[in-house]
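Novice: pasted the sequence and its predicted model underneath.
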Amino acid sequence: MTKQILVGGVPVGGGAPVSIQSMTNTRTDDVAATVEQIRRLEAAGCQIVRVAVPDRAAARAVGAIRERISIPLVVDIHFDYRLALECIAAGCDKVRINPGNIGGEDRVKAVAQACRRRGIPIRIGVNGGSLEKPILAKYGGVTAEALVESAFGHIALLERYDFTDICVSLKSSSVPVTMAAYRRMAEESDYPLHLGVTETGTLRMGTLKSAVGIGGLLALGVGDTLRVSLSADPVEEVRAAKDILKAVGLGRGEPDLIACPTCGRTRIDLIGLAGQVEERLKGVHKPITVAVMGCVVNGPGEASAADVGIAGGDGEGLLFRKGEIVKKVPQQALVDELFLLIDTL
């Protein structure tokens, strides 16, 4: 069990539901474009959003952005502690920073004190691509041990000023290294963990790497919040995150689709049916399991744990609920009948 922090109104850690994060890819000083993208992300299911703050123009935009959105806003800052102070004053909900790269102890102290006064947590974001040179030399490269040592070094800087409202991430582009680092950190610390695999690539492979890394950790009980990092529209990050949570049994209030693979017994367009059901389920917000099965002989039994489902035959199929057959339906009406049944749940 990790300690709990509050990011705006969203609890992270301490047994709170795992929250979904993403990051905008607009210019932060373009307030209109950034707000529009954040609203799209929120509509997709994002609960915490992060913006890059590389300069004063971006920092000056933070207050205007925060006023126009309803989900917590995290600012991502490197090197210049003054940008952090300006964003804190503007009303951001969390600061992502590495205390070790913003200068002397007086600067770390200034940021910690400013965050404490406003009740703003800090995420220490350790990344394999920016590890300290002495640590890289000590371990011979990016290893789980190197990431963890770096994290504890940054933690010590904040704890020196009695600041413990901390969340930690330890990201690498290597899935095994990332998983090992998070598991080690979970054993040695009770700070909440922000999960992610960095630089995963484009939509397909990036989603697969994230599903293995993030999903594997969540299945082991490690992790309190997550961001799927993709070279794609940030909305796709949120969709992938929701799917990962559903896959490990942590989806909240959303339907879960199960479907069997096709085989030589299939006499129905199972792939097409599954695609139709998946698309229409985007408009359903119920914690139910929906099955699309290809065989009327085994389908209802194999999917008996599903709340509702359809099983294909030859030109017709079965509509079933909790493994019990409701009725036989012509193939062209299967999906419509399924959603009529879903409406009654």
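Specialist: Happy to help now that I have it. Being a predicted model, the structure only gives us computed values, none of them experimental. Residues are numbered from 1 along each chain as shown.
Novice: mind listing the strands for the stretch 1-150 of the chain?
Specialist: For the stretch 1-150 of the chain, the strands defined by DSSP state E, counting those that start in this stretch occupy 5-7, 10-12, 19-23, 48-52, 73-76, 94-97, 122-127.
Novice: list the strands paired with the fourth one, with their directions.
Specialist: Paired with strand 48-52 in the same sheet, following DSSP bridges, are strand 19-23 (parallel), strand 73-76 (parallel).
Novice: next, format those strands as a markdown table and append mean neighbour count and mean pLDDT.
Specialist: Backbone N, C-alpha and C define where each C-beta goes, glycine included. Listed next are these as a markdown table, based on neighbours: other Cβ atoms under 10 Å; pLDDT from 0 to 100:
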| stretch | mean neighbour count | mean pLDDT |
| --- | --- | --- |
| strand 19-23 | 25 | 97 |
| strand 73-76 | 25 | 97 |
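Novice: of all these, which one comes closest to G153?
Specialist: strand 73-76 (19.8 Å; Cβ to Cβ).
Novice: next up, the contacts around L203.
Specialist: Applying Cβ atoms under 8 Å, 6 or more residues apart in numbering to L203 gives the contacts 230-232, 236.
Novice: output the strands paired with strand 48-52 as a markdown table; include the columns distance to G213.
Specialist: Putting those into a markdown table (distance: least, Cβ to Cβ, whole Å) gives the following:
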| stretch | distance to G213 |
| --- | --- |
| strand 19-23 | 15 |
| strand 73-76 | 21 |
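Novice: so for V177, which of these sits nearest?
Specialist: strand 19-23 (21.2 Å).
Novice: what angle sits between that closest one and strand 122-127?
Specialist: 70 degrees (axes from the mean of the first three to the mean of the last three Cα atoms, to 10 degrees).
Novice: could you pull out the buried residues of the one helix or strand I258 maps to?
Specialist: Per DSSP states H and E, I258 falls inside strand 256-259. Residues 256-257, 259 are the ones in strand 256-259 that count as buried (16 or more other Cβ atoms under 10 Å).
Novice: counting by contacts, list what it packs against.
Specialist: Counting contacts by 3 or more Cβ pairs under 8 Å, 6 or more residues apart in numbering; DSSP states H and E, strand 256-259 is packed against helix 270-281, strand 289-293.
Novice: need the helix or strand of this structure with the lowest average pLDDT.
Specialist: Ranked by mean pLDDT, DSSP states H and E, the weakest helix or strand in the chain is helix 299-302, scoring a mean of 70.
Novice: and the next helix or strand past that helix?
Specialist: strand 308-312.
Novice: give me the sheet partners of that following strand and which way each runs.
Specialist: strand 289-293 (parallel), strand 316-321 (antiparallel).
Novice: extract the C-alpha trace of it and format it as PDB.
Specialist: Only the C-alpha atoms of strand 308-312 are listed here, as PDB (Å, rounded to 0.1, in the frame of the first residue of the first chain):
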ATOM      1  CA  VAL A 308     -24.600 -10.900 -22.400                       C
ATOM      2  CA  GLY A 309     -23.400 -12.300 -25.700                       C
ATOM      3  CA  ILE A 310     -24.100 -13.600 -29.200                       C
ATOM      4  CA  ALA A 311     -23.000 -16.900 -30.700                       C
ATOM      5  CA  GLY A 312     -22.900 -17.300 -34.500                       C
END
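Novice: residues making contact with it?
Specialist: By Cβ under 8 Å, 6+ apart, strand 308-312 touches 266-270, 273, 277, 288, 290-296, 299-300, 303, 317-321, 329, 331, 334-335, 337-338, 341-342, 345.
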